[in-house]
Each structure stands twice: as C-alpha cells, then as structure tokens.
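> Structure, please.
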Amino acid sequence: IAAFLNGEFAVTRADYNGSLQTALGNVPLAGTGTGTQGGYIFDGRAKTADYSVQSNITLDVFGQMIPVPINVNGSGAVTFNSETQFVIDDPRYGPMTYNISNKTANSMIATTRFQNDTTIGTVDVLMDLYMEKK
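Next comes the predicted model:
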C-alpha cells in the first residue's frame with residue numbers, strides 16, 4: 001500500500017454518517033458534504049503524510065438546514081497496517097485510522113472517524129473520503 005499511496009491525492013467527495021451530540025440529545029447526521037476540497041500528500045519512503053480537507057456537514061434543526069464546517073489539516077507519520085488500512089499519527093489529533101475500499105489504479109475511498117467540538121455540540125461521524133491520485 002505504501003507504493004500506491006506515494007504521491008498526491010485530491011479529495012473529490014466526503015460522505016458522512018454519525019451524530020451531533022448536544023446537551024439536549026443526539027442529532028443524527030448523514031449525507032454528502034458540500035464544498036468539499038483538499039487533499040493528501042503521501043511520502044511512501046519517509047512514511048509521512050500532509051493533508052488538508054474542507055467540507056460542510058448539513059444539520060437539520062427543526063427543519064432549518066445549518067451548515068457545520070469541517071476543516072482538518074495537519075501532518076504526521078504513516079503506518080501501513082495492511083493493503084486496506086493505514087494510520088496517520090498526527091501530533092494534534094492523535095492516531096487516525098483509515099480503511100481503504102473501492103481501490104482502483106488511481107482512486108480509493110478512505111474511511112476515517114472524525115470527532116470535533118463545535119459551539120453547538122460534538123460532531124462524531126465516519127467520513128468516507130473519495131480520493132483520486134493526481
């Protein structure tokens with residue numbers, strides 16, 4: 001997997017499924033992010049990754065659709081666990097495990113868990129990041 005991941009990947013789509021945890025309870029979140037952009041740069045030999053991804057999750061609050069921005073960027077050491085899993089150990093976010101599916105010669109879906117505290121509550125979702133090799 002290290003050879004496949006060596007290089008730059010653009011994130012073309014981000015699907016999400018999880019919840020927003022608030023003081024009033026959990027609000028389900030599911031859909032496809034809007035305004036998704038960014039990418040990952042993997043260095044297979046050095047076993048490092050730099051990444052920056054932006055997207056918006058839509059929250060339905062009593063029929064009013066509220067966008068919740070997701071902005072993740074950083075870098076870290078990469079561990080290649082298998083042909084379908086790698087971990088980026090980011091000093092700020094900690095270890096982030098990615099499970100790869102639908103891999104082709106130049107694309108893949110990498111699924112990872114995203115958690116973030118917002119002013120509304122805590123977002124906890126699984127993100128399917130659709131990536132294409134540049």
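> Just the strands from this structure, written as ranges.
7-22, 25-32, 34-43, 48-61, 64-82, 85-90, 94-101, 107-117, 122-133 (DSSP state E).
> Ok, which of these comes nearest residue 1?
Comparing the strands of the chain against residue 1 with CB to CB, the closest turns out to be strand 64-82 (5.0 Å). Yep, even glycine has a C-beta here, placed from its N, CA and C like the rest.
> Partner strands of the closest one, with direction?
strand 48-61 (antiparallel), strand 85-90 (antiparallel) (DSSP bridges).
> Make TSV out of those and add mean neighbour count.
Shown next, in TSV, are these (neighbours: other CB atoms under 10 Å):
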stretch	mean neighbour count
strand 48-61	18
strand 85-90	18
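> Which of the ones you listed comes out lowest on mean pLDDT?
Out of the strands paired with strand 64-82, strand 48-61 stands lowest, with a mean of 91 (criterion: mean pLDDT).
> when you compare where it runs with where strand 34-43 runs, what's the angle?
In terms of direction (axes from the mean of the first three to the mean of the last three CA atoms, to 10 degrees), strand 48-61 departs from strand 34-43 by 160 degrees.
> Need the strands paired with strand 64-82 in a markdown table (columns: distance to residue 75).
Shown next, in a markdown table, are these (distance: least, CB to CB, whole Å):
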| stretch | distance to residue 75 |
| --- | --- |
| strand 48-61 | 4 |
| strand 85-90 | 7 |
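> between those strands, which gets nearest to residue 23?
strand 48-61 (13.7 Å).
> got the CA positions of that closest one in PDB?
The C-alpha trace of strand 48-61 is given here as PDB (Å, rounded to 0.1, in the frame of the first residue of the first chain):
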ATOM      1  CA  THR A  48       4.700  10.700   6.200                       C
ATOM      2  CA  ALA A  49       1.500  12.500   5.100                       C
ATOM      3  CA  ASP A  50       0.400  16.100   4.900                       C
ATOM      4  CA  TYR A  51      -3.300  16.700   4.500                       C
ATOM      5  CA  SER A  52      -5.900  19.500   4.300                       C
ATOM      6  CA  VAL A  53      -9.600  18.800   3.800                       C
ATOM      7  CA  GLN A  54     -12.600  21.100   4.000                       C
ATOM      8  CA  SER A  55     -16.300  20.200   3.700                       C
ATOM      9  CA  ASN A  56     -19.600  21.200   5.200                       C
ATOM     10  CA  ILE A  57     -22.000  18.900   7.000                       C
ATOM     11  CA  THR A  58     -25.600  19.900   7.000                       C
ATOM     12  CA  LEU A  59     -27.500  19.900  10.300                       C
ATOM     13  CA  ASP A  60     -31.300  19.800  10.200                       C
ATOM     14  CA  VAL A  61     -32.600  21.700  13.300                       C
END
